[in-house]
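Sequence first, predicted model second:
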Amino acid sequence: MQRPLAVVTGASSGIGEALALRLGSAGYDLLLVARREALLTELSARIVREHPEVRADVFALDLCTDDAAQKLLDRAPTASVLVNNAGFGKVGEALSIENGVYEQMIALNVAALTQLTLTFARRMVERGGGTILNVGSTSGFQPIPFQAVYAATKAYVMSFSEALSYELRGKGVSVLGLYPGPTKTGFSEIAGAQEHAKKHARVFMSADAVAALAMDQIKTGKESVVAGKLNAVAATLSQLGPRKAARRVAAAIFKPR
């Protein structure tokens with residue numbers, strides 16, 4: 001009997017790594033995707049060591065290249081699950097960060113995710129089913145000063161995922177949105193938010209806890225999940241309250257000290 005195949009982008013660390021481990025233990029073969037091949041190889045070896053029946057292939061790929069989506073589809077044409085987890089952010093005053101950083105952020109968080117989602121969705125519709133999990137962020141629920149571009153990219157992920165989910169009703173393909181809040185990953189180091197992470201460490205979820213929620217979401221097909229009860233409450237309040245108030249609160253939290 002053929003095992004289902006899951007493709008996980010951004011699998012070299014954090015939520016992607018944790019979710020790949022859980023998918024492997026749940027009976028999926030895997031295609032692990034990121035730029036850092038050495039880390040992917042280590043993860044693949046760990047998965048196979050813990051679950052010898054699992055095939056965990058490695059694909060070192062820059063998702064921002066023009067043909068990345070097609071290359072990935074060619075490697076995994078029978079994928080039943082695609083996890084779009086790759087992405088990054090940057091904290092700071094928007095004018096102080098080089099445009100090139102934002103260009104890369106938009107290319108990965110928005111353009112690459114869009115191309116991967118649509119490319120795999122078309123194949124999944126042809127094959128009669130599949131699940132696409134797009135990893136967004138609670139940052140996408142409101143504008144966030146000092147994370148202006150990052151929050152905007154995650155707002156896009158939410159809007160795009162919900163709209164496409166509606167379009168694909170009745171076609172056997174589910175497009176799901178997962179929205180973690182602060183999570184213990186390498187995100188803070190890349191974003192330049194180490195001090196913020198230390199100050200608010202008590203509210204950070206573990207990557208494995210977020211991955212566990214993602215697995216439940218994949219199994220149930222729930223369209224939208226905010227990871228963590230506290231994050232869910234905060235996301236709801238940010239949408240119900242005045243946007244100016246939500247913006248002020250966010251600015252107070254993320255303003256560099």
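That came in fine, so what should we check first? Numbering: from 1, shown residues only.

Let me see the ranges of the strands in the chain.
5-9, 29-34, 56-60, 81-84, 130-135, 173-179, 183-184, 205-206, 224-226 (DSSP state E).

would you list those in CSV and tack on distance to Asp216, mean pLDDT and mean neighbour count?
Every residue, glycine included, has its C-beta placed from N, CA and C. Below are those laid out as CSV (distance: least, CB to CB, whole Å; pLDDT from 0 to 100; neighbours: other CB atoms under 10 Å):
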stretch, distance to Asp216, mean pLDDT, mean neighbour count
strand 5-9, 15, 98, 26
strand 29-34, 19, 98, 26
strand 56-60, 22, 98, 19
strand 81-84, 14, 98, 27
strand 130-135, 11, 98, 25
strand 173-179, 10, 97, 24
strand 183-184, 16, 78, 20
strand 205-206, 14, 92, 17
strand 224-226, 8, 93, 18
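
Out of those strands, which is closest to Phe141?
Proximity to Phe141 (CB to CB) singles out strand 173-179 among those, at 7.5 Å.

by contact count, what packs against the closest one?
helix 113-127, strand 130-135, helix 148-167, helix 207-220, strand 224-226 (3 or more CB pairs under 8 Å, 6 or more residues apart in numbering; DSSP states H and E).

Show me the contact partners of that strand.
If you take CB atoms under 8 Å, 6 or more residues apart in numbering as the criterion, strand 173-179 is touched by 117, 121, 124-125, 129-138, 140-141, 154, 157-158, 161-162, 164-165, 168, 210, 213-214, 217-218, 221-227, 231, 235.

give me that answer again for 7 Å
Outside strand 173-179, the residues that touch it by CB atoms under 7 Å, 6 or more residues apart in numbering are 117, 121, 124-125, 129-138, 140, 157-158, 161-162, 164-165, 168, 214, 217, 221-227, 235.

Just list whatever residues bridge to Val7.
Here Val7 sits in beta bridges with Leu31, Leu82, going by DSSP bridges.

what about it, distance to Ala34?
12 Å (CB to CB, to the nearest Å).

where's Val210 relative to Ala227, distance?
Val210 sits 5 Å away from Ala227, taking CB to CB as the criterion.

typo on my end, Leu178
Noted for Leu178: a distance of 7 Å to Ala227, by CB to CB.

cool, and Ser165?
For Ser165 relative to Ala227 (CB to CB), the value is 18 Å.

Also Phe120?
Plainly put, Phe120 is 23 Å away from Ala227 if you go by CB to CB.

Just read off the phi/psi values of the nearest residue to Gln104 once chain neighbours are set aside.
The shortest distance from Gln104 to any residue other than its chain neighbours is 7.0 Å, reached at Cys64 (CB to CB, 6 or more residues apart in numbering). Phi and psi for Cys64, reported as degrees, to the nearest 10, are phi -90, psi 0.
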